[in-house]
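>>> Based on what follows, work out the 3D shape:
(one chain, ligands or ions: 1)
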Amino acid sequence: MSSEFHSAVVSPTGTWWKPAHKQEKRWITIAFIWCLVLFAMMPFWHIRGGQNPTGIRSRVKPTDYMARVQRFVNDYKVGEEKGFAVVEPPAGSDIYLMAQMWRWWPILKLKKNVEYTLHLSSLDVNHGFSLFPVNVNIQVVPGYDYALKITPNQAGELRIICNEFCGIGHHTMIGKIIVEE
Ligand SMILES: [Cu+2]
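Below you'll find the predicted structure:
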């Protein structure tokens with residue numbers, strides 16, 4: 001075979017390959033250590049960073065979830081706003097919010113610095129729970145009850161905006177959480 005011939009299976013002759021230079025080895029070592037640091041940061045920051053909600057997940061049939069929300073509304077309803085029930089649950093309780101094309105049901109009235117377990121689920125398609133003006137974003141998926149421990153830390157009226165396109169009325173899908181001192 002001629003020495004001119006090169007292909008993927010026949011390595012070219014000559015001294016085309018040299019051992020890695022000391023500098024190169026040093027950088028490979030640094031890059032490898034950095035990969036390990038980043039890898040370790042993922043679980044570490046999940047626990048210490050506090051920005052990833054560690055949820056409590058379970059499967060639920062949409063009709064069962066709707067029945068549960070209705071029971072919650074019947075138990076703790078304190079008023080109504082434009083046809084939406086306003087619900088004031090006791091401190092520390094499980095609270096329920098239902099997403100449905102194209103509304104968030106009901107309106108929640110919470111107390112500042114009190115912990116609740118917020119349950120979220122959808123009756124129809126995927127929705128996105130987005131809390132304004134604070135930056136909280138959670139997927140709301142039909143068939144799953146996704147619960148998380150929340151403690152409102154500022155009083156006022158918060159808006160729930162759907163951030164997952166869910167049809168023609170998507171932009172009107174705005175809910176409300178009232179936080180009192
Ligand atoms: Cu939606």
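>>> going forward, measure contacts and count neighbours with C-alpha atoms only.
Noted.
>>> Could you list the alpha-carbon positions for the helix or strand bottoming out on mean pLDDT in the chain in PDB?
Ranking every helix and strand in the chain by mean pLDDT, DSSP states H and E puts strand 56-59 at the bottom, with a mean of 86. Provided in PDB are the C-alpha atoms of strand 56-59 (Å, rounded to 0.1, in the frame of the first residue of the first chain):
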ATOM      1  CA  ILE A  56     -45.300  15.700  46.700                       C
ATOM      2  CA  ARG A  57     -46.600  13.800  43.700                       C
ATOM      3  CA  SER A  58     -49.500  11.400  43.300                       C
ATOM      4  CA  ARG A  59     -51.800  10.300  40.500                       C
END
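>>> How about residues contacting it?
Contacts to strand 56-59, defined as Cα atoms under 8 Å, 6 or more residues apart in numbering, come from residues 143-148.
>>> Likewise for stretch 116-134?
Contacts of stretch 116-134 with the rest of the structure, by Cα under 8 Å, 6+ apart, involve 62-63, 65-66, 91-101, 136-151, 158-166.
>>> How is residue 128 classified with respect to secondary structure?
The three-state assignment at residue 128 reads strand, by DSSP: H, G, I helix; E, B strand; the rest coil.
>>> Quick check: bridge partners of it?
Beta-bridge partners for residue 128, by DSSP bridges, are residue 139.
>>> For it, grab the count of nearby residues.
Residues within reach of residue 128, counting by other Cα atoms under 10 Å, total 19.
>>> likewise residue 141?
What residue 141 shows, counting by other Cα under 10 Å, is a neighbour count of 19.
>>> That one and residue 92: what is the separation?
Per Cα to Cα, to the nearest Å, residue 141 is found 24 Å from residue 92.
>>> And residue 123, by the same measure?
Using Cα to Cα, we find residue 123 at a distance of 25 Å from residue 92.
>>> Who has more neighbours out of those two?
Taking neighbours as other Cα under 10 Å, residue 123 and residue 92 compare with residue 123 leading, 21 against 13.
>>> and the residue nearest to that one when sequence neighbours are not counted, what does it touch?
In space, and not counting its chain neighbours, residue 123 is closest to residue 62: 5.0 Å by Cα to Cα, 6 or more residues apart in numbering. For residue 62, the contact set (Cα under 8 Å, 6+ apart) comprises 121-124, 142-143.
>>> ranking those by neighbours, who comes first?
Greatest neighbour count in the contacts of residue 62, by other Cα under 10 Å, goes to residue 121: 30 neighbours.
>>> Give me the phi and psi for that residue.
phi -160, psi 170 (degrees, to the nearest 10).
>>> How much space separates it from residue 168?
The spacing between residue 121 and residue 168, counted by Cα to Cα, is 20 Å.
>>> ok, residues contacting stretch 81-96?
Residues from elsewhere that reach stretch 81-96 (Cα under 8 Å, 6+ apart): 68-69, 72-73, 76-80, 105-111, 114-120.
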